[in-house]
Structures are given as structure tokens and as C-alpha cells.
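> Build me a model:
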Amino acid sequence: MLSNTNEGAVVDTSHILAEDRPISKYKLYGSGRFWGMFSAEHVAATEFVIGATFVAWGVATRDIIIGLFIGNLLAVLSWALICTPIATDTRLTLYSYLKKIAGPYMQKIYNVANAVYFGIMAGAMTTVTASAIRELLGIPIQLNWYPTSLSFVMLTLVIGGITAFIAAYGFKTLSYVSSVLGPWLLVLFLVAGIVSLPILVESSANVASLQTFSDFLRLGDEYVWIYNPASEMTIWHVIAFAWVCNLGHHLVLSDMAFFRYAKKNSYGYIPAIGMLYGHGLAWMFAGLLGAAAAIVLNTNLELLDPGSVAYNVLGITGAFAVVVAGLSTAYPKIYRMGTAFQTIFPKQSLKKLALIAGFIVAILACFPFAFGALMEIMVFTAMLLLPVGAIIVTEHWIFPKIGYTRYWSMYSGKNLNKSALYTWIIAGICAVVLTFTGIVHVYFLAIPLWIITTILYTVLAGKEGAKKDYQEEIEKYRLLDEQIIKEEDEAALLELEDKSEAKISTTALVSGVLAGISLVLFIGASLMVFNGTMDLERFKDVAWMVTLAYFVFALYFSKSFLVEKKKEVNLKTNHKLRKVKS
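Numbers count the residues shown, from 1 in each chain. A predicted model of the protein is given here:
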């Protein structure tokens with residue numbers, strides 16, 4: 001409520017919910033947290049699926065390499081030039097900013113659609129996790145869209161229940177565990193590629209050894225990324241998929257939730273670590289792993305799931321990798337489903353809604369269709385959300401340049417921006433028609449859909465009221481925003497407490513060093529397989545031992561480091577804040 005606009009009057013902000021308030025400047029993070037987050041989240045279970053799928057595309061090795069580099073570069077630029085600047089400018093989540101632009105009713109509609117998107121992704125990751133444990137328990141592989149084994153259904157429901165419990169009760173703890181997973185997963189995919197190469201070379205008729213990059217290209221063309229002139233997939237499909245596979249994060253602007261904490265816009269380039277490695281090299285390493293597994297099992301890669309691929313080349317370590325990567329990818333998405341549901345059912349607790357979301361995901365995961373067509377489903381569902389991102393970008397940047405008023409719908413007192421809703425519906429229909437008629441491949445849909453949305457929303461909003469003068473309302477909301485920022489800054493000051501500075505213990509430092517040595521030994525063992533001084537079965541035993549050692553040492557070090565780092569940051573921050581107060 002805006003009680004008065006006179007200078008010096010008290011502005012009532014009690015009706016503004018906590019989740020709709022911008023982040024205080026005293027709660028911003030440095031770059032370290034973003035490096036860790038993007039290295040962990042984008043080197044995960046999907047890499048096993050996508051990397052193996054690329055093998056079946058019939059695109060040559062050189063085109064795969066060039067295509068992945070260009071496509072992932074476009075993804076990084078989407079984060080850096082579109083998502084991050086809007087996030088740092090508003091300090092709001094996508095949900096809250098959409099509420100200002102399109103009203104609370106469209107926000108709720110969008111959250112239902114967003115929950116469906118995250119549910120499909122979480123279901124696919126739960127299925128991937130089950131595929132690894134299935135391999136260990138001897139449960140039949142699931143290649144149909146429906147389950148053919150009661151044991152698989154029971155296993156998936158158990159995994160889904162555990163994941164839901166984690167999302168509801170242990171998100172903070174597992175976020176800490178995920179920071180430990182990041183370095184290990186980075187190394188795991190590298191090791192998988194190194195170990196797979198000797199298997200491929202041994203079966204090759206054209207490559208006796210890998211001495212040059214040209215040898216690698218010939219090997220890739222022979223056994224991994226085999227060129228098929230009859231395939232509809234080309235380097236352009238590789239570029240497009242690498243760009244749009246994380247559409248929901250960058251162009252749809254979901255990662256505003258993270259980058260609203262960024263101190264600088266330049267942090268938007270940090271996703272490069274996840275893209276160029278996780279969605280570049282890791283996809284290639286997973287492709288090598290899949291091709292090697294097909295040779296070991298003397299079968300077609302299309303008849304294998306991630307669990308059987310990883311286990312038969314890497315042993316228990318491979319199965320463990322699929323499990324932890326699947327869980328670490330699934331539970332944040334279930335948590336996001338819960339937060340989306342909470343805007344629809346605000347009286348229900350997040351824990352309860354996350355459990356319900358987890359139950360839905362567990363049921364979905366029993367049907368492997370989401371896993372079998374993961375790439376197409378992931379991109380298409382993101383395309384249905386893309387118009388919302390285009391609407392926000394249009395109103396945030398284009399409207400002020402053409403004389404339209406940003407937030408015109410909010411200033412008009414509307415609970416629903418009909419122009420935004422109609423634009424979304426029409427753009428969604430266009431997406432369905434263009435895709436299912438074959439006019440435009442789903443991977444190439446982003447650009448035409450963005451253009452259609454931008455033009456349509458500009459026209460409709462102009463007719464509905466975006467051209468009008470809202471000077472009085474702008475002044476009222478300016479005072480409201482200033483008061484909210486003031487309150488958030490004051491609350492941030494009260495939350496920060498002085499804590500004595502403490503150095504990390506010697507034991508923790510030693511644990512960190514030992515964790516690093518474990519990773520070096522892991523890579524070293526794979527190189528021994530590569531040069532023929534260690535056989536594959538021996539490597540599987542060594543890999544499992546160094547993996548256990550890494551997690552023991554890394555978990556201890558990470559916990560100690562985070563606790564002491566928090567003390568140090570609070571001490572330095574409070575020193576600055578005392579100067580501000582004085």
C-alpha cells in the first residue's frame with residue numbers, strides 16, 4: 001500500500017512479500033560461489049545421456065568439436081549479456097520480476113508450467129540414477145516408454161522417495177555435498193575418456209596408437225562420431241542444441257535467482273566452466289565411454305542405458321558416478337518445483353510441497369520415456385517457456401527505448417497482463433505447429449519464437465496501455481522501492497553478527513591436500529591404463545579406492561573451510577558496515 005507520496009512520508013511496505021523484495025547490497029556474493037555452482041550443476045547425470053546420444057547422430061568428429069564450442073559459447077553469451085544484467089539491475093528472481101510485469105495471476109500460471117518442466121527433468125534424472133543401481137541388482141534394462149519390470153518400478157519409487165526427502169529436508173546440507181561433487185565429477189569424465197581410448201584403439205583397424213590430434217579424429221570418425229551422409233543431423237544441429245539445451249536457465253531467465261546475488265555483471269561469463277567443460281568436453285568423454293562400453297559388451301549403444309555404460313567400463317565407480325550425478329541433478333529441480341508450487345499454495349509449507357513434488361517425480365520416473373527422448377523433451381518444454389523470457393527482455397530493454405512505460409500493467413493496477421498472456425499462448429501455439437509439422441526443427445525454434453514474441457507483445461501491449469503516461473504511479477512506486485531497499489539493507493545489517501576470526505585447522509588443510517592427491521591418483525591410474533601399464537580390471541579397483549578416499553577427505557575439508565570462511569567474511573563485512581553506520 002502506498003499511503004502517501006509526499007516527501008518524508010512513511011511508505012507502507014507490509015504488503016510486499018519477502019520473496020518479492022530485492023537482495024540487499026550487503027548480501028551479494030563474490031565469484032567463488034558461482035564458479036563452484038556452475039562447475040557442479042552442469043557436469044552431471046545428463047552428460048551421460050547426451051554424450052552417448054551424440055554418437056548416434058551421424059555427425060563427424062570435427063563437426064562435433066566445432067559445433068559444441070560455438071553452441072556453448074552462444075550459451076555463455078546468453079547468460080552474460082541477457083540474464084545477468086537483468087538480474088543485477090533488479091536483484092529479483094524471475095518469478096518476482098514476472099509478477100511486476102505480468103501480474104500475480106500470470107505468475108501462478110507460469111509457475112505451473114515451470115514446475116512441469118523441472119518435473120520432467122527431475123524424473124529423467126531419477127530414471128538415470130535407477131539405471132545405475134539396476135545394473136548392480138541385475139534388474140532388466142528398460143528400453144520402452146513404459147516400465148517392464150516391477151523391480152524397476154519399486155527401485156525407482158525408493159530412489160524418488162529419497163530424493164524428495166533430500167529436497168524437502170536437506171537442501172542446505174546437500175548443497176554443501178554438491179560442492180564436493182563438482183571437482184570429482186570434472187575428473188571423472190576426464191578419466192572416463194582416457195580409459196575408453198585404449199579400448200577403441202585396440203578394436204581399430206586404422207589407428208594403431210594415439211600420437212597426434214589427427215589420430216584422435218580418425219579414431220572418433222571410425223568408432224564414435226561416425227559420419228552418416230543420410231542423417232538429418234548436421235553441425236548446425238550440434239550448435240543449436242548446445243546453445244538451447246540450457247534455455248530454461250539463461251534466455252528464459254531462471255538463473256536470475258542466482259545472479260541477483262552477483263556483485264558484477266562479469267560473473268555472467270562464469271557459466272563457461274560448465275558449458276565448455278561439462279557441455280563440451282564431458283559430452284565428448286561420455287561419447288567415448290559409450291562407444292567403449294558397446295565394444296566391451298559387443299552390442300549397439302542404443303540398447304544401453306547410462307548405468308550399463310558406466311559400470312561396464314568404470315566398474316562400481318562408474319555406477320556410483322551415475323547415482324550421485326543423478327541425485328545431485330534431481331533434488332534441486334524437485335526443490336524448485338516445490339518453490340513454484342508455493343506461489344500457488346502459499347499457505348502450505350515448502351517441505352510438504354517438495355515432498356508432493358518428489359512423489360509426482362517418482363511416478364514419472366517409472367516411465368522411461370522422459371529419459372529415452374530427454375534431449376527433445378528438454379528443449380521443447382524449454383521452448384514453451386521461452387516466450388516469457390522474451391516478454392521480460394522486451395519490457396525491460398526495448399520498451400524504454402521506444403517510449404513505452406516499463407511496468408505499465410502494474411501501474412494500471414492489473415492482476416493480469418492480458419497482452420503478456422495472449423502473447424505467450426499464441427507463441428506456444430506457433431512452437432507446437434512449427435515443431436510438429438516439421439517446418440522448423442525444435443533445436444532451431446528459439447530465434448523465430450523470440451522474434452514472434454517480441455513483435456506480438458510490443459503490438460498488444462501498445463494497444464492495451466503501455467504507451468500511456470504513468471508519472472504519478474511511477475513516483476509512488478519509486479518511493480515504495482526506496483523504502484523496501486532501505487528496509488532490506490537495515491535487515492541485512494541486523495543479521496550480520498561479529499564473529500572471531502579463526503584459521504582453518506591443520507587437520508582440515510591436510511584433508512584438503514589429501515583430497516587433491518586422491519584426484520591426481522585417479523587421473524594417474526587412468527593414464528596407466530592408457531599407456532598399457534595397468535589393466536582395466538585393476539583400474540576399477542583402484543578407482544573405487546581413490547574415490548572413497550577423496551570423498552572422506554573432501555567432505556571434511558569442505559565443511560571446515562566453509563565454516564571458517566563464513567567467520568572471516570562476516571568479520572570483514574561487519575568492519576565495513578560499522579564504518580557505514582558511523
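
> in this structure, which segments are predicted with low confidence?
The chain contains residues with pLDDT under 70 at 1-10, 36, 40-41, 44-45, 169-179, 369-374, 495-504, 560-582.

> Show me it divided up by domain.
41-373, 496-582 (automatic domain parsing).

> Out of the ones you listed, flag the one nearest residue 452.
Residue 452 sits nearest to domain 41-373 of all the domains of the chain, at 14.2 Å, using Cβ to Cβ. (Each C-beta comes from the backbone N, C-alpha and C, glycine too.)

> Dump the domains of the chain to CSV, plus distance to residue 426 and mean neighbour count.
Listed next are these as CSV, based on distance: least, Cβ to Cβ, whole Å; neighbours: other Cβ atoms under 10 Å:
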stretch, distance to residue 426, mean neighbour count
domain 41-373, 14, 21
domain 496-582, 48, 15
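
> closest to residue 447 out of these?
Using Cβ to Cβ, the domains of the chain put domain 41-373 closest to residue 447, at 9.3 Å.

> List the contacts of residue 72.
242, 243, 272, 275, 276, 279, 280 (Cβ atoms under 8 Å, 6 or more residues apart in numbering).

> ok, it to residue 278 distance?
When Cβ to Cβ, to the nearest Å is applied, the distance between residue 72 and residue 278 equals 9 Å.

> With residue 201 instead?
Residue 201 is 26 Å from residue 278, by Cβ to Cβ.

> go on, residue 450?
Taken as Cβ to Cβ, the span from residue 450 to residue 278 is 25 Å.

> got it, and residue 127?
For residue 127, the distance to residue 278 - Cβ to Cβ - is 20 Å.

> Over to residue 146?
Counting by Cβ to Cβ, the gap from residue 146 to residue 278 is 31 Å.

> cool, and residue 412?
As for residue 412, its distance to residue 278 is 44 Å (criterion: Cβ to Cβ).

> Would you map the strands across the chain?
Taking DSSP state E, the chain contains no strands at all.

> Surely residue 133 and residue 155 touch.
Yes: at 6.1 Å, residue 133 counts as touching residue 155 under the criterion of Cβ atoms under 8 Å.

> Residue 456: what's it in contact with?
Here residue 456 is in contact with 423, 426, 427 (Cβ under 8 Å, 6+ apart).

> Out of those residues, which sit inside helices?
423, 426, 427 (DSSP state H).

> Would you reformat those residues as JSON lines and include distance to residue 291?
Shown next, in JSON lines, are those (distance: Cβ to Cβ, whole Å):
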{"residue": "423", "distance to residue 291": "45"}
{"residue": "426", "distance to residue 291": "44"}
{"residue": "427", "distance to residue 291": "39"}
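
> Which one of these sits in the busiest neighbourhood?
Neighbour counts for the ones in helices among the contacts of residue 456, by other Cβ atoms under 10 Å, peak at residue 423, which reaches 27 neighbours.

> Which residue, other than its chain neighbours, is closest to that residue?
Using Cβ to Cβ, 6 or more residues apart in numbering and skipping residues adjacent in sequence, the residue nearest residue 423 is residue 457, 4.3 Å away.

> next one: residue 527
residue 194 (6.4 Å).

> ok, the one you found - contacts?
Counted by Cβ under 8 Å, 6+ apart, residue 194 has contacts 523, 526, 527, 529, 530.

> Now for residue 136: which residues touch it?
311, 316, 319.

> Just give me the closest of the residues you listed to residue 30.
residue 319 (36.2 Å).

> Help me confirm that the closest one comes into contact with residue 132.
Yes: counting by Cβ under 8 Å, residue 319 touches residue 132, with 4.3 Å between them.

> which ones are touching the closest residue to residue 359 other than its chain neighbours?
Counting by Cβ to Cβ, 6+ apart, residue 164 is the residue found nearest to residue 359 once chain neighbours are left out, at 6.3 Å. Neighbouring residues of residue 164 by Cβ under 8 Å, 6+ apart: 334, 354, 355, 357, 358, 359, 361, 362.

> again, only using 10 Å
Residue 164 sits next to 122, 126, 330-331, 334-335, 337-338, 354-362 when contact means Cβ atoms under 10 Å, 6 or more residues apart in numbering.

> what does residue 342 give?
Residue 342 touches 19, 95, 111, 348, 349, 350, 352, 353, 354, counting by Cβ under 10 Å, 6+ apart.

> Of the residues you listed, which belong to helices?
Those of those lying in helices (DSSP H): 95, 111, 350, 352, 353, 354.

> Wait, the fourth one touches residue 167, no?
Going back to what we said before, that points to residue 352. No: using Cβ atoms under 10 Å, residue 352 is not in contact with residue 167; the gap is 11.7 Å.

> overlap in contacts of these two?
With Cβ under 10 Å, 6+ apart, residue 352 and residue 167 have common neighbours residue 338.

> Identify the residue nearest residue 283 in space, chain neighbours excluded?
residue 51 (4.1 Å).

> residues in contact with the one you found?
By Cβ under 10 Å, 6+ apart, the neighbours of residue 51 are 189, 192-193, 224, 279, 281-290, 306, 309.

> Residue 433: neighbouring residues, count only.
11.

> That one - nearest residue in space that isn't next to it in sequence?
residue 439 (7.5 Å).

> give me every residue that touches that neighbour.
430, 433, 445, 448.

> Which among the residues you listed count as buried?
430, 445 (16 or more other Cβ atoms under 10 Å).

> which among the contacts of residue 439 gets closest to residue 541?
Nearest to residue 541 among the contacts of residue 439: residue 445, at 47.4 Å, using Cβ to Cβ.

> related to what we said a few turns ago, could I get the domains of the chain in JSON lines, plus columns for distance to residue 391?
Shown next, in JSON lines, are the domains of the chain (distance: least, Cβ to Cβ, whole Å):
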{"stretch": "domain 41-373", "distance to residue 391": "7"}
{"stretch": "domain 496-582", "distance to residue 391": "37"}
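
> Could you say which one of those domains comes nearest to residue 402?
Residue 402 lies closest to domain 41-373 among the domains of the chain, at 16.0 Å (Cβ to Cβ).

> Relative to the whole chain's centre, how far out is stretch 360-379?
In terms of Cα atoms, centre = their mean, to the nearest Å, the centre of stretch 360-379 is found 16 Å from the chain centre.

> Can you verify my assumption that residue 471 contacts residue 405?
Yes: under the criterion of Cβ under 10 Å, residue 471 makes contact with residue 405 at 9.3 Å.

> Overlap of the contact sets of the two?
With Cβ under 10 Å, 6+ apart as the test, residue 471 and residue 405 both reach residue 411.

> Which of those two has more residues huddled nearby?
residue 405 (22 against 9).
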